[in-house]
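Asks: Pasting the sequence and the predicted model now:
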Amino acid sequence: MKIQRPQYEIWLQKSGELGIYQQIERAGRVCYKSENNTTEDSAKPFVGRMIEHEHFAMLEHGTVYLVCSHGELPLYLTNKFSRVNTIDGKDYITTNLRVMAENKTLDDLKYRCDYEEGKHELRITVHFTTQIAITREYNRHRANSMAEQSTRYCNYTKNKFGSEICINLPTWIKEKTDFDGIINEEGKCHFGDTDETNEEKFQELCEDIANQETEDWTLLDSWFFANQAAEFAYMKLIEAGCKPQEARVILPLDTNTELVHTAFVSDWKHFFDLRALGTTGAPHPDAKVLAYPLYEEFKSKGYLKQEV
């Protein structure tokens, strides 16, 4: 079992039409943890296969900026997933490739342009590394486009996952225990003066249960045991022939996951109101631990001034 600290990264879309395809591929490959299959030439065929099979969801992460004479492209004036600002007789359109693919308007890419501050509304993509429990809260922001690592298809016994489950560190464990003192750079725990391994500590705790000697367990002991037991059970289920979609039912809510959100700046403002600033009630600490520093970074980069 490995421990991962929560983190985020802003993914800026590269310029040009190819940048649209690359952003879609980058988000889409998070779902199956297939980033290693990315090459210099893989993005456009990756998107092409999605369009061919009408698997449109990931296309939402490809932001498209267009400019045309006012009214020349009427679809985007009424499309709820697009934003249009009319300035000096021109429409500055922000949309995404899913809108274009579903409405069979991919030819409109000839109107594609680079983002113009003060004219287009900006869309921003963020990659989160957090707990499954927290993605359930983040994904309530349904206006955002989402891509999340799939426990249905990701098999944690495989080498690309280190043949182990990764647990994302909850805030309360960090605050209420001496957790920082027992984790090493590889995300492994070492316990006491003997530097017990995860497996040795787990065996010791199992013996405590068998001997009914758990009264001295710490918060950290209980949390560690629950997660280590879940990993043990998951591995045994896969070994017995279960599919990941079957074995995943015993994964804890603090299992590490990756989540990608792409949204208009105005929708990010709503996200920050709920998950960072608590305008409607206190945010969950594990949601705020990422949302608030992200909010501060948005402010420092001037993104929150981009709404037009």
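Replies: Sure thing, it's come through. Residues are numbered from 1 along each chain as shown.
Asks: Could you use CA atoms for every contact and neighbour count after this?
Replies: Fine.
Asks: Distance from stretch 68-76 to the middle of the chain?
Replies: 33 Å (C-alpha atoms, centre = their mean, to the nearest Å).
Asks: any idea which residue of the protein is furthest from its center?
Replies: Largest separation from the mean C-alpha position in the chain: residue 211, at 41.8 Å (C-alpha atoms, centre = their mean).
Asks: any idea of the pLDDT on that residue?
Replies: For residue 211, the model assigns a pLDDT of 97.
Asks: Check whether the closest residue to residue 129 other than its chain neighbours sits in a helix, strand or coil.
Replies: Closest residue to residue 129 apart from its sequence neighbours, by C-alpha to C-alpha, 6 or more residues apart in numbering: residue 258 at 4.7 Å. At residue 258 the chain is in strand, as set by DSSP: H, G, I helix; E, B strand; the rest coil.
Asks: Hmm, residue 258 is touching residue 154, no?
Replies: No. Residue 258 lies out of contact with residue 154 (C-alpha atoms under 8 Å); the separation is 11.7 Å.
Asks: what stretches of the stretch 151-300 of the chain score poorly on pLDDT?
Replies: Along the stretch 151-300 of the chain, segments meeting pLDDT under 70 span 181-182, 190-195.
Asks: so where do the strands sit in it?
Replies: 166-168, 256-264 (DSSP state E, counting those that start in this stretch).
Asks: The first one: how far from the chain's middle?
Replies: Offset of strand 166-168 from its chain centre (C-alpha atoms, centre = their mean): 14 Å.
Asks: ok, now stretch 109-129?
Replies: With C-alpha atoms, centre = their mean, you get 19 Å for stretch 109-129.
Asks: mind giving me the domain split of this structure?
Replies: Per automatic domain parsing, the domain ranges recorded for the chain read 2-149+255-305, 171-250.
Asks: so which of the ones you listed comes closest to residue 161?
Replies: Closest to residue 161 of the domains of the chain, according to C-alpha to C-alpha: domain 2-149+255-305, at 8.9 Å.
Asks: what's the spacing between that closest one and its chain's center?
Replies: Centroid displacement of domain 2-149+255-305 relative to its chain, using C-alpha atoms, centre = their mean, is 11 Å.
Asks: And residue 92, how close does it get to residue 118?
Replies: To residue 118, residue 92 is 10 Å away according to C-alpha to C-alpha, to the nearest Å.
Asks: neighbour count winner among the two?
Replies: Neighbour comparison, residue 92 and residue 118: the larger count goes to residue 92, with 23 against 14 (by other C-alpha atoms under 10 Å).
Asks: Check which helices and strands the helix or strand containing that one sits against.
Replies: Per DSSP states H and E: residue 92 is located in strand 90-96. Contact here means 3 or more C-alpha pairs under 8 Å, 6 or more residues apart in numbering; DSSP states H and E; on that basis strand 90-96 packs against strand 63-69, strand 83-87.
Asks: what are the C-alpha coordinates of that strand, in PDB please?
Replies: Output of strand 90-96 as PDB, limited to C-alpha atoms (Å, rounded to 0.1, in the frame of the first residue of the first chain):
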ATOM      1  CA  LYS A  90     -17.800  40.100 -34.400                       C
ATOM      2  CA  ASP A  91     -18.800  37.000 -32.400                       C
ATOM      3  CA  TYR A  92     -16.100  35.700 -30.100                       C
ATOM      4  CA  ILE A  93     -17.100  32.100 -29.400                       C
ATOM      5  CA  THR A  94     -15.800  29.700 -26.700                       C
ATOM      6  CA  THR A  95     -17.000  26.200 -27.200                       C
ATOM      7  CA  ASN A  96     -15.700  22.600 -27.100                       C
END
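Asks: Listing partners with orientation, what would you give for that strand?
Replies: strand 63-69 (antiparallel), strand 83-87 (antiparallel) (DSSP bridges).
Asks: could you give me the average pLDDT of stretch 141-150?
Replies: Here the average pLDDT along stretch 141-150 is 97.
Asks: Compute the first-to-last residue distance for that stretch.
Replies: Terminal-residue distance, stretch 141-150 (C-alpha to C-alpha): 19 Å.
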